[in-house]
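> dropping the sequence and predicted coords here.
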Amino acid sequence: MVNSSPLSPSLPKSLSALRRDIETPAGRISLYSAEPENKDTGLPPLLLVHSVHAAASAAELAPLFTHYRQQRPVYALELPGFGLSDRSARAYTPRLMTDALHAVLAVIQSEHGSQVADVLAVSLSSEFAARAKHETPQNIRRLALVSPTGFSGAKRRYGPAGGTLGLSWLYRLLTLDCWRQGIFNTLTRPGVIRYFLQRTWGSQHIDETFWQYCVLTARQPGAANAPFYFVSAFLFSADINQLYEELDDPVWVSMATRGDFTDYRGRHTVEDKKNWQFLTVEGGALPFFEDLAGFTEQLDRYWAR
């Protein structure tokens, strides 16, 4: 018998903003948006992309969304398999995630007179944003990557174009019917989610509202589908360092000083390129929860250049 747990009540919105569903080749995507009262700011729209983990959603972007909605049109999507987007049983890959970004960027352009958006992506989603920029450079003005993957450890990734690090044997093992739901329930217990957030923060002082939403979103129907592809490494691009090196337009990188995401030894592959800027930001991997004003002050200098 499958070890299951009661599902939580219906999931509320992860952000206090207009939310809609858009139908895309990547399935139904949950998209949040807001504009400042003065719509003639002269600033391009901004798309925020949350990271990937077992309890991911746009709630991770709440501080940035609240800040930027006062200044410019701001959007935040929920990637396939997360939040209020389609969580159906299917293969979750960098291709699927990148196609979701392409679809949302097209919506943004259609709503802003073909104006090109800036994009901020967190952690693993930096790889999807870099691929979208590589494939359609004309659709993204500038990239900001917060605690991006692809730079840790001694080994870089120059694998087959479009390939992944996916381990089929691990996915098959994790998703056996006899323990699939039990494994996911264990990974998403409230205490376990708190533990991983503390490792992300590099501190016990996490954002409690965010933690509560993570617990809730991990108990929704279909919540396990995408995370098992993530844990089995199918969402990590085999060719990401090649993509990073081929980007020609501006890229800003925020590097954490605490927690599990402080290894950037691989940045030497691009840090000499004039379009790349690496900035050490005090705090954990989500520094905008800890010092929003300080983080956005540094980021805004980049957007304005």
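Noted; the coordinates are in hand.
> and for A161, the neighbour number?
10 (other Cβ atoms under 10 Å). C-beta coordinates here come from the backbone N, C-alpha and C atoms, glycine included.
> with K155 instead?
By the criterion of other Cβ under 10 Å, K155 has 8 neighbours.
> when you give positions from now on, start the count at 7
Sure thing, new numbering starts at 7, so read that last one as K161.
> tell me the phi and psi of it?
The phi and psi values for K161, taken as degrees, to the nearest 10, are phi -100, psi 130.
> what distance do you get for it to A65?
Using Cβ to Cβ, to the nearest Å, one obtains 33 Å as the distance from K161 to A65.
> Y164 falls within a helix, correct?
No - read with DSSP: H, G, I helix; E, B strand; the rest coil, Y164 is coil and lies in no helix.
> where does the nearest residue to it once chain neighbours are set aside land on pLDDT?
Leaving aside its sequence neighbours, Y164 sits nearest to Q248 (Cβ to Cβ, 6 or more residues apart in numbering; 5.2 Å). Note for Q248: predicted pLDDT of 97.
> next: L52.
For L52, pLDDT reads 98.
> and it, how far is that from S174?
From L52 to S174 the distance is 37 Å (Cβ to Cβ).
> what about these two, which has more around it?
L52 (24 against 9).
> close enough to count as contact, the more buried one and D124?
Yes - using Cβ atoms under 8 Å, L52 is in contact with D124, at 4.9 Å.
> where do the strands sit along the stretch 207-311 of the chain?
For the stretch 207-311 of the chain, the strands defined by DSSP state E, counting those that start in this stretch occupy 257-261, 282-286.
> run the angle between the last one and strand 257-261 for me.
Pointing back at strand 282-286 there. For strand 282-286 against strand 257-261, the angle by axes from the mean of the first three to the mean of the last three Cα atoms, to 10 degrees is 20 degrees.
> can you list contacts of strand 282-286?
253, 256-261, 263, 270, 273, 276-277, 304, 308 (Cβ atoms under 8 Å, 6 or more residues apart in numbering).
> which of those residues are buried, as a ChimeraX select command?
ChimeraX command restricting the contacts of strand 282-286 to the buried ones, with burial defined by 16 or more other Cβ atoms under 10 Å:
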select :253,256,257,258,259,260,261,270,273,276,308
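> where's L222 relative to V276, distance?
Distance, L222 to V276, by Cβ to Cβ: 38 Å.
> swap in Y308?
Taking Cβ to Cβ, one finds Y308 at 16 Å from V276.
> and if you look at A32?
28 Å.
> buried ones in stretch 194-211?
Within stretch 194-211, the residues that count as buried by 16+ other Cβ under 10 Å are 194, 198-200, 202-208.
> quick one: residues contacting the spatially closest residue to A230 that is not a sequence neighbour.
Excluding its sequence neighbours, the residue lying closest to A230 (Cβ to Cβ, 6+ apart) is F190, at 4.0 Å. Residues near F190 by Cβ under 8 Å, 6+ apart: 60, 224, 229-230, 233-234.
> among those, which one sits closest to F240?
Closest approach between the contacts of F190 and F240, by Cβ to Cβ: F234, at 8.7 Å.
> ok, back up a step: quick one: the strands of the stretch 207-311 of the chain as TSV, columns for distance to W217 too.
Listed next are the strands of the stretch 207-311 of the chain as TSV, based on distance: least, Cβ to Cβ, whole Å:
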stretch	distance to W217
strand 257-261	22
strand 282-286	26
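> tell me which of the ones you listed lies nearest to A299.
Minimum separation from A299 across those (Cβ to Cβ) falls at strand 257-261, 14.6 Å.
> the closest one: partners in the sheet, and parallel or antiparallel?
strand 146-152 (parallel), strand 282-286 (parallel) (DSSP bridges).
> out of those strands, which is the most enclosed?
Mean neighbours per residue, mean count of other Cβ atoms under 10 Å, is largest over the strands paired with strand 257-261 for strand 146-152, with a mean of 24.
> so what does the very next helix or strand once past it touch, helix or strand wise?
Note on strand 146-152: by DSSP states H and E, the next helix or strand toward the C-terminus is helix 174-180. Packing partners of helix 174-180 (3 or more Cβ pairs under 8 Å, 6 or more residues apart in numbering; DSSP states H and E): helix 231-237.
> for the helix it packs on, give me every contacting residue.
So helix 231-237 is in contact with 58-60, 85-88, 93-99, 130, 172, 176-177, 180-181, 186, 190, 193, 241, going by Cβ under 8 Å, 6+ apart.
> one more: stretch 128-138?
By Cβ under 8 Å, 6+ apart, the list of residues contacting stretch 128-138 reads 55-58, 66-67, 85, 100, 103-104, 106-108, 111, 125, 127, 145-146, 149, 151-156, 236, 241-243, 246, 249-250, 253, 257, 267, 291-292.
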